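[1] here's a sequence, model it:
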Amino acid sequence: MRDRTSNGRSRIARALTAAGVAATVAAAQLVAPTAATAAVSRAELALRWAPIHYQDVDATGTHSLGGQSDYIAKVDFDGDLNGRNNWDRTGQAGTSLAAHAYYSVVETSTHWYLTYLFFHPRDWTDHPFFETEHENDGEGVLLAVERDGSTYGVLRGAVTVAHSDFYSYTPAGSTWTSGRETVDGTLQLQSSPHDSFTHPVTAQEAQGHGLKAYPQYTINGDGIVYYPSTVAETPSSGNDRDVRYALIDIFAAGGLWAQRANTSLFAGLGTFAGDTSGDCGAGTWSCSTNSANAPWGWDDGNDLPARGELASDPAKLSVEYFTVPAGLSRSYTHNPYSGAAAALKEAARTAPPVVD
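    Numbers count the residues shown, from 1 in each chain. Prediction:
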């Protein structure tokens, strides 16, 4: 599938400050954490490695809602778990676009696999030709962290989701190299002003929200820089360069995984429900239905791993995408997805592709 860009915009690109660039470059080298003194919780692990996230924002056109359509949010930002009213309720009074992202942690004896989902209520466009819109948008990244005996391990590789394509990256100093798929670039690390760690840096385009490692996508004009935290902040505008986002465990009681059979939220296995209500598609090419995915629905149809295996079988995906000199275990010591693995694989085999 083509990699969408934000056409139809006339905005002036503004460079990052010299100080910001210097901080990014200085933090780009991979640094192993100090030796472990106590076991780290999965929530702490997810927070430590959660990306610093650059979100490009387009404020043009009525469907942008002045930029709010590019804000990341909770799936239930409007107070309910009905996926078919999210387009309509984006930006309405009584709803919240406070910044959140979802995560899951899967473990083997050799690695931690951290999956992050960034959700937008709208996938939108501001021009009438050849592009579709749809309700709900879910894209994200898988991080592979080697368990080397230190508190948080060492980051070795990443695979991002940009619509129906996956892109792979390694940080500077990683021992992982290209496998069946060629590594697409270097995963930068950057210091956060809100904690003492360097974090991987990801970025999403405006409108369609494809996700890659920064700066393969970056901010062009207006944009938001999201920082991982335990606090969820709402951007002050579409050009806010310091917004904290909170993490939500996909496997939490009543969370996304627990809701996977909720037909108000999901139209099928790992596919968010979305309809054509409101002005979705008005003035554009069309509005498609049921066109966004949760992590267990992500798929790159041109690659060997099956639909959803980026999240549910990340060790398999890692050995396909990368060459891992020290090897890795394929036996999971913690994988809540695995209880439904057979159903996931069978449904993925028979389900029609969902194109984001």
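
[2] gap between Ser164 and Ala292?
    Distance of Ser164 to Ala292, computed by Cβ to Cβ, to the nearest Å: 12 Å. (Each C-beta comes from the backbone N, C-alpha and C, glycine too.)

[3] which stretch of helix or strand covers the nearest residue to Asp123 once chain neighbours are set aside?
    Nearest non-adjacent residue to Asp123, counting by Cβ to Cβ, 6 or more residues apart in numbering: Asp137, 4.0 Å away. Following DSSP states H and E, one finds Asp137 within strand 132-146.

[4] any idea which helix or strand comes after that strand?
    Beyond strand 132-146 toward the C-terminal end (DSSP H and E), the next one is strand 154-162.

[5] parallel or antiparallel, list what pairs with the helix or strand following that next one.
    Using DSSP H and E, the helix or strand that follows strand 154-162 in sequence is strand 165-170. Applying DSSP bridges to the sheet, strand 165-170 is found paired with strand 154-162 (antiparallel), strand 185-186 (parallel).

[6] tell me which of the ones you listed sits most buried.
    Neighbour counts (mean count of other Cβ atoms under 10 Å) averaged over each of those peak at strand 154-162, with a mean of 26.

[7] tilt between that one and strand 132-146?
    Taking axes from the mean of the first three to the mean of the last three Cα atoms, to 10 degrees, one finds strand 154-162 and strand 132-146 inclined to each other by 170 degrees.

[8] got a list of contacts for strand 154-162?
    When contacts are defined by Cβ atoms under 8 Å, 6 or more residues apart in numbering, strand 154-162 is touched by residues 3, 30, 32-33, 49, 111, 139-146, 148, 166-171, 174-176, 187, 189, 200, 202, 210-213, 298, 310, 317-318, 321-322, 324.

[9] can you say which of these are buried?
    Restricting these to buried positions leaves 30, 33, 49, 111, 139-146, 148, 166-171, 174, 176, 187, 189, 200, 202, 210-213, 298, 310, 317-318, 321-322, 324, with burial counted as 16 or more other Cβ atoms under 10 Å.

[10] in the protein, where is pLDDT below threshold?
    Along the chain, segments meeting pLDDT under 70 span 1-38, 339-355.

[11] find the nearest non-adjacent residue to Cys280, please.
    Closest to Cys280 by Cβ to Cβ, 6+ apart is Cys287, at 3.8 Å.

[12] actually, His53.
    That would be Tyr226: by Cβ to Cβ, 6+ apart, it lies 4.2 Å from His53.

[13] how about Asp240?
    Ile224 (5.2 Å).

[14] where's that neighbour relative to Leu47, distance?
    Distance from Ile224 to Leu47, by Cβ to Cβ: 19 Å.

[15] of those two, which one has the most company?
    The residue with more neighbours, out of Ile224 and Leu47, is Ile224; 26 against 20, by other Cβ atoms under 10 Å.

[16] can you list the strands that the helix or strand containing that one pairs with?
    Here Ile224 sits within strand 223-229, counting by DSSP H and E. Using DSSP bridges, strand 223-229 pairs in its sheet with strand 52-56 (antiparallel), strand 243-249 (parallel).

[17] coming back round to it: dump the strands paired with strand 165-170 into CSV; add distance to His120 as well.
    As requested, the strands paired with strand 165-170 are exported to CSV (distance: least, Cβ to Cβ, whole Å):
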stretch, distance to His120
strand 154-162, 13
strand 185-186, 24
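
[18] which one, of those, ends up nearest to Asn220?
    strand 154-162 (16.3 Å; Cβ to Cβ).

[19] my read is that Ser87 contacts Pro121, right?
    That one is not Ser; residue 87 is Trp. Yes. Using Cβ atoms under 8 Å, Trp87 is in contact with Pro121, at 6.4 Å.

[20] ok, what's across the strand from the residue nearest to Asp123?
    Beta-bridge partners of Asp137, as defined by DSSP bridges: His120.

[21] now do Ser168
    Note on Ser168: beta-bridge partners by DSSP bridges are Val159.

[22] coming back round to it: of the strands paired with strand 165-170, which approaches Gln259 most closely?
    strand 154-162 (20.2 Å).

[23] mind exporting the closest one as CSV, just the C-alpha atoms?
    Taking Å, rounded to 0.1, in the frame of the first residue of the first chain, the C-alpha atoms of strand 154-162 are listed here in CSV:
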residue,chain,number,x,y,z
VAL,A,154,19.1,-2.8,26.4
LEU,A,155,17.1,-1.6,23.4
ARG,A,156,18.0,-3.6,20.3
GLY,A,157,15.4,-3.0,17.7
ALA,A,158,12.0,-1.5,16.7
VAL,A,159,9.3,-2.1,14.2
THR,A,160,6.8,0.7,13.4
VAL,A,161,3.3,0.6,11.8
ALA,A,162,2.6,3.0,9.0
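
[24] chain center to that strand: distance?
    The chain centroid and the centroid of strand 154-162 are separated by 11 Å under Cα atoms, centre = their mean, to the nearest Å.

[25] just the strands paired with strand 223-229: most buried one?
    strand 52-56 (a mean of 25).
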